[in-house]
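Trainee: build me a model from this:
(chains A, B, C, D, E and F)
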Number of protein chains: 6
Amino acid sequence: MTLKKEHRIGRHATLLLLMEETHELEEITKQLNWKSCLGKVGSMDSQKVVAAIEVAAKQQGIIKENLYRESHALYHAIMEALHGITRGQMQLGSVMRTVGLRFAVVRGNPYEEEVEGEWLAVAIYGTIGAPVRGLEHETLGLGINHI
Amino acid sequence: MTLKKEHRIGRHATLLLLMEETHELEEITKQLNWKSCLGKVGSMDSQKVVAAIEVAAKQQGIIKENLYRESHALYHAIMEALHGITRGQMQLGSVMRTVGLRFAVVRGNPYEEEVEGEWLAVAIYGTIGAPVRGLEHETLGLGINHI
Amino acid sequence: MTLKKEHRIGRHATLLLLMEETHELEEITKQLNWKSCLGKVGSMDSQKVVAAIEVAAKQQGIIKENLYRESHALYHAIMEALHGITRGQMQLGSVMRTVGLRFAVVRGNPYEEEVEGEWLAVAIYGTIGAPVRGLEHETLGLGINHI
Amino acid sequence: MTLKKEHRIGRHATLLLLMEETHELEEITKQLNWKSCLGKVGSMDSQKVVAAIEVAAKQQGIIKENLYRESHALYHAIMEALHGITRGQMQLGSVMRTVGLRFAVVRGNPYEEEVEGEWLAVAIYGTIGAPVRGLEHETLGLGINHI
Amino acid sequence: MTLKKEHRIGRHATLLLLMEETHELEEITKQLNWKSCLGKVGSMDSQKVVAAIEVAAKQQGIIKENLYRESHALYHAIMEALHGITRGQMQLGSVMRTVGLRFAVVRGNPYEEEVEGEWLAVAIYGTIGAPVRGLEHETLGLGINHI
Amino acid sequence: MTLKKEHRIGRHATLLLLMEETHELEEITKQLNWKSCLGKVGSMDSQKVVAAIEVAAKQQGIIKENLYRESHALYHAIMEALHGITRGQMQLGSVMRTVGLRFAVVRGNPYEEEVEGEWLAVAIYGTIGAPVRGLEHETLGLGINHI
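Mentor: Alright, predicted model coming up:
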């Protein structure tokens, strides 16, 4: 149950968002037989952020749509990432703020032992701030869950 | 008050932790007249994580030790980063978990307008888990504050 | 001020929701001169859950409608029960989830000493999950307050 | 992915704590090939509550000690149950309160579809209050996670 | 159930802490047959803050020591006041901060209707900051509960 | 970096709300070259409370409208004050409660050292309760931030 340095899915998901050139990262995804997807969402409505990530992960085959255990794993990974994004209250419009975000979901086994199975990483990066253009700063969140 | 794409201090601080080769990033720091520092801390004691970042930022001259407004700015940036690390309760040992973390603090102006002044980014990345070697997964947090 | 084993109103309220046959429990309610009511509510709107319990408790005479101290006692007992239901953020639709719940409110004196007076127990049990039929699991909450 | 009425592991775990006669429940556990364990813990130290449940679940074979994904599933189910127990801050002694608790962990498949696999329920019930005998009331928490 | 303007116990408790001359306020307390007490506590240990208020309120006869319903009412009023003091996590030393506080507890009926009975106000005011002299700012909290 | 006793902006902002006669306080504001504003807002919508304070502070020149660092400082001071107002979840209508509030924003230097620069205090005082006239009690919050 040791994290394999080259298989850190959280770091991988975050770099997919932060690096300008992601070709190399996508090569790794392929080689390791991982699955990953990218997306973006801007809203004052926290519900839309959750939905955008869920829809992307399902439509791009990262998780199986009809399997609740996979939806459940993804949901909690999203919630954990949103703790980093919202830092205190998981609220956007209701505390008068809005976000412009990109997200990456990666599914793979980050551990040396194969028996540890698959895990999910949800990384979210973008800006948060007042609903006025420019009154915003960066924000970042990462959630990890077993699937 | 527009975030300058090349001046995103949060992204910069996070990449300082995630990339193996940080030479290029440090060049940017120098060029832009930013200040940055790196450090690491492992503990079950959340207090030690806060203290390690505060001490590093003061000793390496990122903030002025005797100026409360700078300590105050750093403290809240650390707290925000710890929301991402702890995802719900800002507790470690008291909920039976431990962390092994590296952190980066970056001080600079991420906005196009010079009048927006200096801001701080605190990025933290590492592992969180049970106090048993290997029973852990990745965790990441980012806090941003004006200084 | 010792909790009387047979007078545990929290256990009583929870069993009213979990047992198929509640006749015996209702007998106890009568014998002890307690008051209790049952209800159900399904919603993505947390406000409706609070309102459903408040309305039921008032209409069925568990608390006096026009006495604020009783409304206040009930409100905080509901909030505490919702902590168990929502486990982190007291939000439903705004974090893309919905509930199907039954609830019980019991009013009585659970302590050996009569001077401890009346207390309220609010128990809530049901399912929580995505707004898709079946993508849900059980959830349970209990709130206790003096009245 | 429909919850099977007779297979509700959360209700089952809670009844194991609340009913005086649990023989029938244990029969069901056996029949359904579920696993369950019971334990108790009293402390002002939240860490000890977490540890007591983890140790019991490992020693009694509910989860595999060396498999991180199972420890991770259990940990988050415990955390969710503690939200119900602590209702706001996951703290005990540090906010001057203590608990006397019994807990049940149940592992089984609560869904009609076999493909939904195994889930964990952690139920906790007991008293919470001031560190003075008798100054306490009931408290209850339930956590559910896929494993 | 209308709040009587002259009987606002929360305002009264807060003014007891903020005004230099409290003679007039104490006159009001006497006239209205209210009870009030004042105290101070400085600590990095949140437990000591709770204990200091509880001990003062009991020793000065604001609440009855052996009556759990009064202890319970006070405890939750303290917790609510601490939300204002700590603003996010009810932690002091564990997030590397300390407080120097004065507090006031007032017991009386703030409503026009006598039937609304007695209520408690706990006001806390002082400084919060790093465990270094001067690195601190003001903080204030108020909790109200029926008793 | 010592708080000057006569320059405590948090106490000042709170007294502006609690005292009937504020003439003396306004004299101090003028003498010290501080800025302050007052306003009121009643709503079940937490967003409106945030917006009311932001709008008042901008329109009355307490902060510069187009400077993000000042908006950011104010926003976090408001959030901190709302912790005191809401005591647990920063939600109003979504947990079935409403507020009637007055607020004061004060900008000034509360420290002996001029180098500590300007700080903001946001004080909020009023009532919180059910959306029924009279079913409400007092609530108070204070946020402090460097600007």
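Trainee: distance of the residue nearest the centre of chain A relative to residue E:84?
Mentor: The geometric centre of chain A, computed from its C-alpha atoms, lies nearest to residue A:122 (CA atoms, centre = their mean), at 2.1 Å. In this structure, residue A:122 and residue E:84 are separated by 33 Å, where distance is defined by CB to CB, to the nearest Å. C-beta here means a position set from N, CA and C on the backbone, and glycine is covered the same way.
Trainee: what of residue A:69?
Mentor: 41 Å.
Trainee: which of these two has more neighbours?
Mentor: Using other CB atoms under 10 Å in any protein chain shown as the criterion, residue A:69 and residue E:84 rank with residue E:84 on top: 28 against 24.
Trainee: other SSEs contacting the one helix or strand that one maps to?
Mentor: With secondary structure defined by DSSP states H and E, residue E:84 is part of helix E:68-86. Packing contacts for helix E:68-86, counted by 3 or more CB pairs under 8 Å, 6 or more residues apart in numbering or on different chains; DSSP states H and E, involve strand C:136-146, strand D:136-146, helix E:46-59, strand E:98-108, strand E:119-129, strand E:136-146, helix F:68-86, strand F:136-146.
Trainee: and for the closest residue to residue A:126 other than its chain neighbours, the neighbour number?
Mentor: Take residue A:126 and drop its neighbours on the chain: the residue closest to it by CB to CB, 6 or more residues apart in numbering or on different chains is residue A:101, 3.6 Å away. Taking other CB under 10 Å as the neighbour definition, residue A:101 ends up with a count of 24.
Trainee: and the one 10 residues further on, by the same measure?
Mentor: The local packing of residue A:111 (other CB under 10 Å) involves 20 other residues.
Trainee: residue numbers of chain A in contact with chain E?
Mentor: Proximity of chain A to chain E (CB under 8 Å from any CB of the partner chain) is limited to residues residue A:88.
Trainee: residue farthest from the centroid of chain A?
Mentor: If you look at how far each residue of chain A sits from its centre, by CA atoms, centre = their mean, the farthest one is residue A:132, at 25.5 Å.
Trainee: residue contacts, it?
Mentor: For residue A:132, no residue meets the contact criterion (CB atoms under 8 Å, 6 or more residues apart in numbering or on different chains).
Trainee: how near is it to residue A:126?
Mentor: Using CB to CB, one obtains 16 Å as the distance from residue A:132 to residue A:126.
Trainee: now chain A against chain F: closest residue?
Mentor: residue A:96 (3.9 Å; CB to the nearest CB).
Trainee: that residue against residue A:130, yeah?
Mentor: Yes: because the distance of 6.9 Å satisfies CB atoms under 8 Å, residue A:96 is recorded as touching residue A:130.
Trainee: circling back to that earlier point, would you list the phi and psi of the residue farthest from the centre of chain A?
Mentor: Backbone geometry at residue A:132, expressed as degrees, to the nearest 10, gives phi -140, psi 130.
Trainee: quick one: it and residue A:98, what's the gap?
Mentor: With distances taken as CB to CB, residue A:132 is found 9 Å from residue A:98.
Trainee: hmm, residue A:102 and the residue nearest to the centre of chain A touching each other?
Mentor: No: in this structure residue A:122 lies outside contact range of residue A:102 using CB under 8 Å: 11.9 Å.
Trainee: on that earlier part again, more crowded one of residue A:96 and residue A:130?
Mentor: Neighbours per residue, other CB under 10 Å: of residue A:96 and residue A:130, the larger number sits with residue A:96, 23 against 19.
Trainee: quickly check: stretch A:33-48 near chain F or not.
Mentor: No: looking at stretch A:33-48 against chain F by CB under 8 Å from any CB, there are no contacts, and the closest approach is 8.8 Å.
Trainee: list the buried residues for that stretch?
Mentor: Neighbour-count burial for stretch A:33-48 flags A:34-39, A:41, A:43-48 (criterion: 16 or more other CB atoms under 10 Å in any protein chain shown).
Trainee: next one: stretch A:104-121
Mentor: Taking 16+ other CB under 10 Å as the basis for neighbour counts, the residues of stretch A:104-121 that come out buried are A:104-111, A:116, A:118-121.
Trainee: beta partners for residue A:41?
Mentor: residue A:101 (DSSP bridges).
Trainee: touching chain B at all, the helix or strand of chain A with the lowest mean pLDDT?
Mentor: Among the secondary structure pieces of chain A, namely its helices and strands, helix A:23-31 has the lowest mean (mean pLDDT, DSSP states H and E), a mean of 93. No: Helix A:23-31 is not in contact with chain B by CB under 8 Å from any CB; minimum separation 11.3 Å.
Trainee: what lies in contact with that helix?
Mentor: Residues from elsewhere that reach helix A:23-31, judged by CB under 8 Å, 6+ apart: A:6, A:12, A:15, A:16, A:19, A:34, A:35, A:36, A:106, A:108.
Trainee: so the last one bridges to which residues?
Mentor: Looking back up the chat, that one is residue A:108. Applying DSSP bridges to residue A:108 yields these beta-bridge partners: residue A:119.
Trainee: returning to that earlier point: okay, the helices and strands packed on helix E:68-86 in TSV with mean pLDDT next?
Mentor: Compiled in TSV, the helices and strands packed on helix E:68-86 are given as follows (pLDDT from 0 to 100):
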stretch	mean pLDDT
strand C:136-146	98
strand D:136-146	98
helix E:46-59	98
strand E:98-108	98
strand E:119-129	98
strand E:136-146	98
helix F:68-86	98
strand F:136-146	98
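Trainee: what's the local residue count around the residue in chain A positioned nearest to chain C?
Mentor: Each residue of chain A has a distance to chain C, by CB to the nearest CB, and the smallest belongs to residue A:50, at 4.0 Å. For residue A:50, the tally of surrounding residues (other CB under 10 Å) stands at 22.
Trainee: thought it was touching residue A:76?
Mentor: No: with contact defined as CB under 8 Å, residue A:50 and residue A:76 do not form a contacting pair (11.2 Å).
Trainee: save the buried residues of stretch A:33-48 as TSV, and put in distance to residue F:91 too.
Mentor: Listed next are the buried residues of stretch A:33-48 as TSV, based on distance: CB to CB, whole Å:
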residue	distance to residue F:91
A:34	38
A:35	36
A:36	35
A:37	32
A:38	32
A:39	28
A:41	23
A:43	18
A:44	16
A:45	15
A:46	12
A:47	14
A:48	18
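Trainee: spell out which two among those are the most distant pair, please.
Mentor: A:34 and A:44 (32.9 Å; CB to CB).
Trainee: got the phi and psi for residue A:117?
Mentor: On the backbone of residue A:117 - angles per degrees, to the nearest 10 - the values are phi 70, psi -160.
Trainee: excluding covalently adjacent residues, which one is nearest to it?
Mentor: Closest residue to residue A:117 apart from its sequence neighbours, by CB to CB, 6+ apart: residue D:69 at 5.8 Å.
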